[in-house]
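Colleague: my questions concern the predicted model and sequence given below.
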Amino acid sequence: MPAVSKGDGMRGLAVFISDIRNCKSKEAEVKRINKELANIRSKFKGDKALDGYSKKKYVCKLLFIFLLGHDIDFGHMEAVNLLSSNKYTEKQIGYLFISVLVNSNSDLISLINNGIKNDLASRNPTFMNLALHCIANVGSREMAEAFASQIPSILVAGDTMDSVKQSAALCLLRLNRTSPDLVPMGEWTARVVHLLNDQHLGVVTAAASLITTLAQKSPEDFKTSISLAVARLSRIVTSASIDLQDYTYYFVAAPWLSVKLLRLLQCYPPPEDAALRSRLTECLETILNKAQEPPKSKKVQHSNAKNAVLFEAIALIIHHDSEPTLLVRACNQLGQFLQHRETNLRYLALESMCTLASSEFSHEAVKTHIDTVINALKTERDVSVRQRAVDLLYAMCDRSNAKQIVAEMLSYLENADYSIREEMVLKVAILAEKYAVDYTWYVDTILNLIRIAGDYVSEEVWYRVIQIVINQDDVQGYAAKTVFEALQAPACHENLVKVGGYILGEFGNLIAGDSRSSPLVQFNLLHSKFHLCSVPTRALLLSAYIKFINLFPEVKATIQDVLRSDSQLRNADVELQQRAIEYLRLSCIASTDILATVLEEMPPFPERESSILAKLKKKKGPGNLPDIDDARWNVNGSTEHSENTESTNKSPPSLMADLLPTNRPRPASSSPTLLSAGTMGSSHPFTDLLNLNSTPSAGASLLVDVLSDISTPAPINVSEDNFSRFVCKNNGVIYEDQLLQIGLKAEYRQNLGRIYVFYGNKTSTQFLSFSSSVTSSDTLKTHILPTSLLNVHAKAVDPTVDGGAQLQQVVNIECLSDFTDAPVLDIQFRYGGTLQKIAVKLPVMLNKFFQPTEMTSQDFFQRWKQLGVPQQEVQTIFKAQHPMDTDVTNAKILGFGVALLIGVDPNPANFVGAGVIHTKNTQVGCLLRLEPNTQAQMYRLTLRTSRESVSQRLCDLLSDQF
C-alpha cells in the first residue's frame, strides 16, 4: 500500500472528532454535528472549486457522522468524483464512502461503474484492488451485470499480480452468491482450477473458497480440482511449520487453506484413481496422527487451529464412508474429546459421532462409548451438549443396547430440560417401537413414558400405541391389565386416561374374569377420571362406555344412568351432548345383534409410516434427503447403518416391519345401519376421535385426472434425467440441483400405487409459498379415449420448508387402462425472493402394475403359442449398453415386475419372464424372452401380450435397461 504522506493527516477531521468526544451531552453533539454539516454543505455548494484534499476531508467527516447514526443526504457526488483522482488516499476514501453509504439502487451507480471500469483497466494493482473490493462490498445486481464477465479474465490472466488475483477470486465469489445466474461458466472454469497450484498460498486460499462454491453448483465442471486439491493438501500436511512460515498459525501449517481444501473434497465422492485415493488416505492418516502428538503450544489458538483441521478431516472421512480403518480411527479420536474440558470440543465430538453412527463400518466403534455418552447426559452442564448426547444415544441404538438406552433416556427424562423433552419423548417412543422384541416391554415403556412426561407426549405417540395393540392379538390382554393398574394411581395424566379408555373399551373383556377388574370396577375406575378431563377425552370415554354396554350387558343400566344424567344430556359442549343422546338412544332401541355389529372390535390398521417418526423428521429438519432404499433413519436425517444380514435374519422382526402388513383390511369408514338411522357420522365410536383413517377433505388434497381437459399444461422444460433409472426400481433420487433434492419411495399392488415424495431443502434458507401438483402431459390430454387412463391423488403439502429440512408428500395412483405417458410433478416455491419452478416426470410406467406369474415350461410355451398373432408380438434387437452380467440382468427383470422363470427356456443362457398387468378395466397377460449374445454384445427381446400397444410400450421400456 502506498505510504501516507504527512499532509494526508487531515487535521480538520481530527479536530472534529475531538470536539465530538468532548461533548457533554447528546444535545451538544447534535449541535456540533449540525454546525459541521452546514459548513460542509456550504463548501460543496460554493463557486470555488475544492481541491482533492478538501473533498477527501469533508467526505471523511460525512462518513464519520453517518457512522455515529445520523442520516447523510448529500456528498455522494463528491465521493464519486474522488474515484477519478490519481492519489491513493483520495480514491480510497471515495470507494469507502460508496461502499458504506451508496444504495444499490442509487442513480449514481452508472457513474460509479464507469470509475470502477477505469480502475480495472488501469492495470495499477492498488487501484484494481480498491475497485474489486468496492464491487464485492456493494454486490448489487447492476454491478454483477457490468463486471461479472470481466472479473474472471482478470483472475486467470497471467500478468495479474497475486494480490489482485486474491481480490478477484473473492469478488467473484461474492457475485456468485448474490447473482449466481449472472456469473458465466465458460473457458475460465478450467483455468481457475489451476490456481490451486499457484505458488502464492493467499491466491490458493481465495481460489479454494471460490472453487468450493462453484463445485457445489456445477460439480462436473470442477472435477479436475480433486487431484490438485489432494496434491496441495499433501504438501501442506507433510511440511514442517517452518516451510510455510508466512502461513503458519501457532505451529499449524496453513490451517485455513487445509480446511478449505478438505471442504472442497467433500463436494465429490472418493477418487476413483487408486494412486490419488491412496495419497488422500495418507493425508487423512497424517492429520489423525498429528492429533495424537503432544501440543507444541499451550495457547488456545494452537489447539483451535489444530482441531479445526482435524474435524474437517473427520467430516471428509465420514462423507466418503469407504475406509473402515479411517472411520474407526476417527471415532476413537472423537471419543477422546467426549471428556475434554473444552465444552465446544465435547459438542463437536458428539455431533460428529452422530453421523459416524450411521456408517456400517464405525457403528460398533461408536457403541463402545455408550457409557461416556450416558455419563455426559447426566452430568453435562451445557444443555446444547446434553441435546447432542441424546441425539448420539438415539443414533447408536440397535437391538443389542436398545433396552439400556431407552431406560437411561427415561431416567434422564424426569430431570431433562423442558426445551428437549418433547423431542426425547418422540425418540424414546420410536426406539421402543423399532427395537422391541417383546410387545409387553413396549407397552410398559410407553406407559412409563406417559407417566414421566405426559405433558410432552403428543397425540402421535398414544395413537401409535393403540395401533400396535390393536394389530397384535398376543399383547391385548397384557395391555388391558397394565393400563387398568396404571389408572388406579391417584393422579393420572390425561394421555394415560385416553389410552386406558380406548384399550379397556376394546379389550376390557380380556381381564373381566378377575373380580378385581370386573366390568363394574373398570367402568367406575374410568368414570372417576371423567370430571378431570378435557372435552376430547370425555368424548372418548363416552365412546368407551357404549363399548362397555356391548361387552358387558350387566353394566348397561349403570351406564345408561350416566348417559341420561343432566350433566350429559344438557352439556354445554355440543359434541358431548350429541354423543350422550345418540349413545343412549342406540343402547335403548338397538338389538343385541345390531349392537354387536355396530360396536364390534376395531379391525387391524393398514400399514403406514410411523406418525411418530414422521413428526421427528419434521421437527429435526434433516440436512440431506435420506437414501430412501434404507428403512432405517438416524437422528441427523441420513440413513443408519445396515445391520449384518445374517444377524438381522435371525433376530425377531421389528415392530415397524411386522405390525401393519399390507394385506390386512382397512377399518370400515361408515356403517350403513348407523347412517341410515341418522344416529352417528362414523361406524366406530373411536374412529373420529383418533382420526386415524379419515379421508382428506377436498380443500386439503388435490385430485388430478391426467386426461382432464382442464388440467394445467405441463411445463416446457420437464426433467427426465433420472426417469429411465426407475423402470426397474421404485426408490431413489429423481431430481437434484443446488437448492432442492427430490426422492421417491413407491409401492404398487395390482392396479393401485402409492408414491412417497420427499422434498429436501439443501440450503440454509427457508422455502416460501411451496406447492406441488400433478399435471397431465399433452399426449395424454389429447388421447381419443373418453375416460381417464390414470387417476392421481396428491395430498397437499406445507407451504414452507425450513433450511435443511425435509417435506413428505403422498401421491396415490390408480391405473384405469393401459397408458403410455407419465404424469408430471410441478413444484414451485420462493427462494431468496425469486420464484423457482421445477417440473419432473414421475416414474409411473405401465410395468409398475405388473403382478408376477409363476408358470411351468409347458404352460409357458402353450400360452406363448396362443399369443401368436403378429400384432401381439413385438421384437427388437439392440446393442448392449452395459456389461452383460447375468446377476444384474436377473435383478433388472425382477425389478421390471415379472416373475423370472428358471429352467423354462431350453437355452439356459436365455431369460424368460411372465406377469399380468392389472388395470381397473382389464388385465393384460405378458410373456417375455430375452436372448443375450455375449460374443456380439447384442440382445434380442421378444414380448407377447394380448394388446399390441402394451407389447410395444413394455418393449421400449425394458430394452433401454440393458
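Modeller: Good, I have the coordinates.
Colleague: residue contacts, residue 933?
Modeller: By CB atoms under 8 Å, 6 or more residues apart in numbering, residue 933 lies in contact with 939, 940. Using the backbone N, CA and C atoms, a C-beta is placed for each residue, glycine as well.
Colleague: show me what it is bridged to.
Modeller: Beta bridges link residue 933 to residue 938, judged by DSSP bridges.
Colleague: okay, it and residue 909: tell me how far apart.
Modeller: 9 Å (CB to CB, to the nearest Å).
Colleague: also residue 99?
Modeller: Residue 99 is 73 Å from residue 909, where distance means CB to CB.
Colleague: over to residue 488?
Modeller: Relative to residue 909, residue 488 is positioned 71 Å away (CB to CB).
Colleague: what's the answer for residue 810, then?
Modeller: 43 Å.
Colleague: those two: which is more packed in?
Modeller: Just comparing residue 810 and residue 909: by other CB atoms under 10 Å the higher neighbour count belongs to residue 810, 16 against 11.
Colleague: contacts only, for that one.
Modeller: Contacts of residue 810 (CB under 8 Å, 6+ apart): 754, 755, 756, 757, 794, 795.
Colleague: and it, bridged to which residues?
Modeller: With DSSP bridges as the rule, residue 810 is bridged to residue 756.
Colleague: so what would you say the end-to-end distance of stretch 394-407 is?
Modeller: With CA to CA, to the nearest Å as the measure, stretch 394-407 spans 12 Å from end to end.
Colleague: so for that stretch, mean pLDDT?
Modeller: In this model, stretch 394-407 has an average pLDDT of 90.
Colleague: of the contacts of residue 810, buried ones?
Modeller: Listed as buried from the contacts of residue 810 are 755, 756, 757, 794; burial here means 16 or more other CB atoms under 10 Å.
Colleague: SS state for the last one?
Modeller: In terms of secondary structure, residue 794 is strand; the call rests on DSSP: H, G, I helix; E, B strand; the rest coil.
Colleague: so what pLDDT did it get?
Modeller: For residue 794, pLDDT reads 85.
Colleague: which one among the contacts of residue 810 gets closest to residue 569?
Modeller: residue 795 (39.3 Å; CB to CB).
Colleague: ok, what's across the strand from that closest one?
Modeller: residue 701.
Colleague: from residue 757, how far out is it?
Modeller: Taken as CB to CB, the span from residue 795 to residue 757 is 10 Å.
Colleague: ditto for residue 926
Modeller: Distance, residue 926 to residue 757, using CB to CB: 28 Å.
Colleague: one more: residue 354?
Modeller: Using CB to CB, residue 354 is found at 26 Å from residue 757.
Colleague: next: residue 28.
Modeller: Per CB to CB, residue 28 is found 66 Å from residue 757.
Colleague: closest one of the contacts of residue 810 to residue 177?
Modeller: Proximity of the contacts of residue 810 to residue 177 was ranked by CB to CB; the top entry is residue 757 with 29.4 Å.
Colleague: residue 135 contacts residue 147, doesn't it?
Modeller: Yes - counting by CB atoms under 8 Å, residue 135 touches residue 147, with 5.7 Å between them.
Colleague: which stretches of the stretch 151-300 of the chain form strands?
Modeller: Using DSSP state E, counting those that start in this stretch, the strands of the stretch 151-300 of the chain run over 248-249, 252-253.
Colleague: how far off centre is the last one?
Modeller: Same thing as strand 252-253. 36 Å (CA atoms, centre = their mean, to the nearest Å).
Colleague: that strand packs against which elements?
Modeller: For strand 252-253, the contact count by 3 or more CB pairs under 8 Å, 6 or more residues apart in numbering; DSSP states H and E identifies helix 300-320 as packing neighbours.
Colleague: what does the helix it packs on contact?
Modeller: Applying CB under 8 Å, 6+ apart, the external contacts of helix 300-320 come out as 249-252, 255, 258-259, 262-263, 265-266, 269-270, 283-284, 287-288, 290-291, 295-296, 323, 326-327, 330, 333-334, 342, 345, 348, 352, 355-356, 359.
Colleague: these, buried ones only, as a PyMOL selection?
Modeller: Here is the PyMOL command that selects the buried residues among the contacts of helix 300-320 (16+ other CB under 10 Å):
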select buried, resi 249+250+251+252+255+258+259+262+263+265+266+270+283+284+287+288+291+323+326+327+330+333+334+345+348+352+355+356+359
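Colleague: returning to that earlier point: can you redo the contacts of residue 810 as CSV with distance to residue 115?
Modeller: Shown next, in CSV, are the contacts of residue 810 (distance: CB to CB, whole Å):
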residue, distance to residue 115
754, 62
755, 57
756, 56
757, 51
794, 54
795, 56
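Colleague: let me know the closest of those residues to residue 579.
Modeller: residue 795 (29.4 Å).
Colleague: isn't that closest one up against residue 809?
Modeller: Yes - using CB under 8 Å as the test, residue 795 is close enough to residue 809 to be in contact (6.0 Å).
Colleague: shaky segments in the protein?
Modeller: Applying pLDDT under 70 to the chain flags residues 1-9, 47-48, 104-106, 240-243, 245, 607-716, 776-788, 833.
Colleague: and it, what are its domain boundaries?
Modeller: Using the TED database, the domain parsing of the chain gives 427-611, 723-844, 847-960.
Colleague: can you pull out the helices in the stretch 701-850 of the chain?
Modeller: Applying DSSP state H, counting those that start in this stretch to the stretch 701-850 of the chain gives helices spanning 778-781.
Colleague: all strands for the stretch 801-950 of the chain, in order.
Modeller: 806-815, 824-831, 834-841, 850-852, 873-879, 899-900, 911-918, 923-933, 938-945.
Colleague: would you turn those strands into a markdown table with distance to residue 483?
Modeller: As requested, the strands of the stretch 801-950 of the chain are exported to a markdown table (distance: least, CB to CB, whole Å):
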| stretch | distance to residue 483 |
| --- | --- |
| strand 806-815 | 32 |
| strand 824-831 | 44 |
| strand 834-841 | 47 |
| strand 850-852 | 42 |
| strand 873-879 | 62 |
| strand 899-900 | 47 |
| strand 911-918 | 43 |
| strand 923-933 | 48 |
| strand 938-945 | 56 |
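Colleague: give me the contacts around stretch 142-153.
Modeller: Contacts for stretch 142-153 (CB under 8 Å, 6+ apart): 104, 109, 113, 116-117, 120, 132, 135, 168, 171-172, 175, 178-179, 182-184, 186, 188, 192.
Colleague: go again using 7 Å as the cut-off
Modeller: Stretch 142-153 is contacted from outside by 104, 109, 113, 120, 135, 168, 171-172, 175, 178-179, 182-184, 188, using CB atoms under 7 Å, 6 or more residues apart in numbering.
Colleague: check stretch 246-257 too.
Modeller: By CB under 7 Å, 6+ apart, the surrounding residues in contact with stretch 246-257 are 201, 204-205, 208, 236, 239, 241, 244, 296-297, 299, 301-302, 305-306, 308-309.
Colleague: what do you get if the cut-off is 8 Å, keeping everything else the same?
Modeller: Applying CB under 8 Å, 6+ apart, the contact partners of stretch 246-257 are 201, 204-205, 208, 232, 236-237, 239-244, 296-297, 299, 301-302, 305-306, 308-309.
Colleague: hmm, residue 526 is touching residue 541, no?
Modeller: Yes - proximity of residue 526 to residue 541 meets the contact threshold set by CB under 8 Å, at 5.9 Å.
Colleague: those two: who's more crowded?
Modeller: Between residue 526 and residue 541, residue 541 has the larger neighbour count (other CB under 10 Å), namely 25 against 22.
Colleague: give me phi/psi at the more buried one?
Modeller: phi -70, psi -40 (degrees, to the nearest 10).
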